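# show me the folded form of this:
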Amino acid sequence: MVHGIKGLMYDISKLNIHATLQEVNRALFPDMKVVVTVSRRRLARLMSQVDMFDEGSNRTTDFRHHSQWLLLTTGDDLKQLNITQLENVAAILTDKLTYHNCEAKLTASWLLTLRHHHQTSLFTAVSDCGASYKEACIFPNTAYGYNGRQVVVSILGTPFYVYKDIVNGTATFTGYCMDILEAIGRKLNFSFHVTEPADMTWGFIENRKWNGLVGQLHRREVDMVASDLTVHEGRAKVLDYIFPMIKTDALVILYKEPTGTEKSFFLLTRPLSPIVNVVYLSVVLILPVIMLLLESVKPNSGNRQKTRKASRVRRCLGIGWDIVGSLFKQESLYEH
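Alright, predicted model coming up:
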């Protein structure tokens, strides 16, 4: 690590390229920036292996999108390269550099970038980026997300989240999860192919192996799952969840539509058991009397006795109203 920048240095001529690329992916993913300076013969071999590496890695690497390659080479060497998968490759042509007093002098077309167009890939000169060459200028494909890559998405139909319709033998999917998936695809510029698990299950351990949607992800048969998959600790060990799936400030109130027109004061007592109703009625009748008796044993005299007597009655009514009001979720009108 130099000046806070993490880096690796390899002598490709002495190492296994496959093992080296795996190590680079583990150490630097998802921001893999690689500078290559090798002989003409090794450059063609190296870039060919890197270009096809993701296809044999069973979705454990992504050099195609998450790596940026800067090649120090010559114009003749570039003609031997056949790169079809890597999105971000640039080249500094050393034969276009001249030196004067140990300082490099730039000539025309010294910096090239790889551009994909239909079925062809060509190195073209980087346009003038001003005084400083920014990443988006050297690697223009970084401005286009996943550049229309197709990913494999597994889905399991469930009400509201995913609806499955079969028309003329062709399955189509709609619903909330599909809306989110299409929005992400537009934002990150990728397309997707939808599939379903063969056993049509969500995913649990069977014979020490995950099945269903979780099994497809664990075996890396698909890139992602778009469904209302329940989060729990076991699944979190073999897949990554997106949090939060749903975030809203809306308040939804559900209620049961009345089935009859019966109106009665005793409807509120029906949810309670008979013993609860008896206890509640006893408290309503007995507690105010007890409070009244407790108030009456206090010594009183003169005009204050009449006032206190009226106050006790008011207090007794207030206590009774409080008890009744607790059933109807209302506050008492009396001060206490």
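# ranges for the helices of the stretch 101-250 of the chain?
Taking DSSP state H, counting those that start in this stretch, the helices of the stretch 101-250 of the chain run over residues 135-138, 176-188, 212-218, 233-236.
# now do the buried residues in the second one.
For helix 176-188, burial by neighbour count (16 or more other C-beta atoms under 10 Å) applies to 176-178, 181, 185. The C-beta positions use only the backbone N, C-alpha and C, and glycine is treated the same way.
# same check on the first one?
Within helix 135-138, the residues scored as buried using 16+ other C-beta under 10 Å are 137-138.
# tell me which of the helices of the stretch 101-250 of the chain sits nearest to residue 205.
Nearest to residue 205 among the helices of the stretch 101-250 of the chain is helix 233-236; the distance by C-beta to C-beta comes to 7.2 Å.
# just the buried positions in stretch 13-22, please.
Neighbour counts over stretch 13-22 (16+ other C-beta under 10 Å) mark 17, 20-21 as buried.
# packing partners for the helix or strand residue 52 falls within?
Element membership for residue 52 (DSSP states H and E) is helix 40-53. Secondary-structure packing of helix 40-53 (3 or more C-beta pairs under 8 Å, 6 or more residues apart in numbering; DSSP states H and E): helix 17-28, strand 32-36, strand 67-73, helix 75-78.
# so the longest one versus strand 32-36, what angle?
Inter-element angle recorded for helix 17-28 and strand 32-36: 140 degrees (by axes from the mean of the first three to the mean of the last three C-alpha atoms, to 10 degrees).
# report the angle between helix 17-28 and helix 40-53.
60 degrees.
# just how off-centre is helix 17-28 within its chain?
27 Å (C-alpha atoms, centre = their mean, to the nearest Å).
# how many neighbours does residue 93 have?
21 (other C-beta atoms under 10 Å).
# alpha carbons of the helix holding residue 52, as PDB, please.
The C-alpha coordinates for helix 40-53 follow below in PDB (Å, rounded to 0.1, in the frame of the first residue of the first chain):
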ATOM      1  CA  ARG A  40       3.700  -8.600 -27.300                       C
ATOM      2  CA  ARG A  41       3.200 -12.300 -27.200                       C
ATOM      3  CA  ARG A  42       2.300 -12.400 -23.500                       C
ATOM      4  CA  LEU A  43       0.000  -9.400 -23.800                       C
ATOM      5  CA  ALA A  44      -2.200 -11.100 -26.400                       C
ATOM      6  CA  ARG A  45      -2.400 -14.300 -24.300                       C
ATOM      7  CA  LEU A  46      -3.100 -12.500 -21.100                       C
ATOM      8  CA  MET A  47      -5.900 -10.300 -22.400                       C
ATOM      9  CA  SER A  48      -7.500 -13.200 -24.100                       C
ATOM     10  CA  GLN A  49      -7.600 -15.100 -20.800                       C
ATOM     11  CA  VAL A  50      -8.900 -12.100 -18.900                       C
ATOM     12  CA  ASP A  51     -11.600 -11.500 -21.600                       C
ATOM     13  CA  MET A  52     -13.100 -15.000 -21.200                       C
ATOM     14  CA  PHE A  53     -12.300 -15.500 -17.500                       C
END
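# contacts for it?
Applying C-beta atoms under 8 Å, 6 or more residues apart in numbering, the external contacts of helix 40-53 come out as 12-13, 17-18, 21, 36, 38, 61, 63, 67, 69, 71, 73-74, 76-77, 80-86, 89.
# okay, the buried residues of stretch 13-22 in a markdown table with pLDDT next?
Shown next, in a markdown table, are the buried residues of stretch 13-22 (pLDDT from 0 to 100):
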| residue | pLDDT |
| --- | --- |
| 17 | 86 |
| 20 | 89 |
| 21 | 90 |
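# residue ranges of the strands in the stretch 201-336 of the chain, please?
Using DSSP state E, counting those that start in this stretch, the strands found in the stretch 201-336 of the chain span residues 205-206, 209-210, 224-225.
# out of those, the one nearest residue 235 is which?
strand 209-210 (8.2 Å).
# what pairs with the closest one, parallel or antiparallel?
strand 205-206 (antiparallel) (DSSP bridges).
# can you give me how far the strand it pairs with is from the chain middle?
Distance of strand 205-206 from the chain centroid (C-alpha atoms, centre = their mean) equals 25 Å.
# please enumerate residues in contact with that strand?
211, 234.
# average pLDDT across it?
Per-residue pLDDT over strand 205-206 has a mean of 91.
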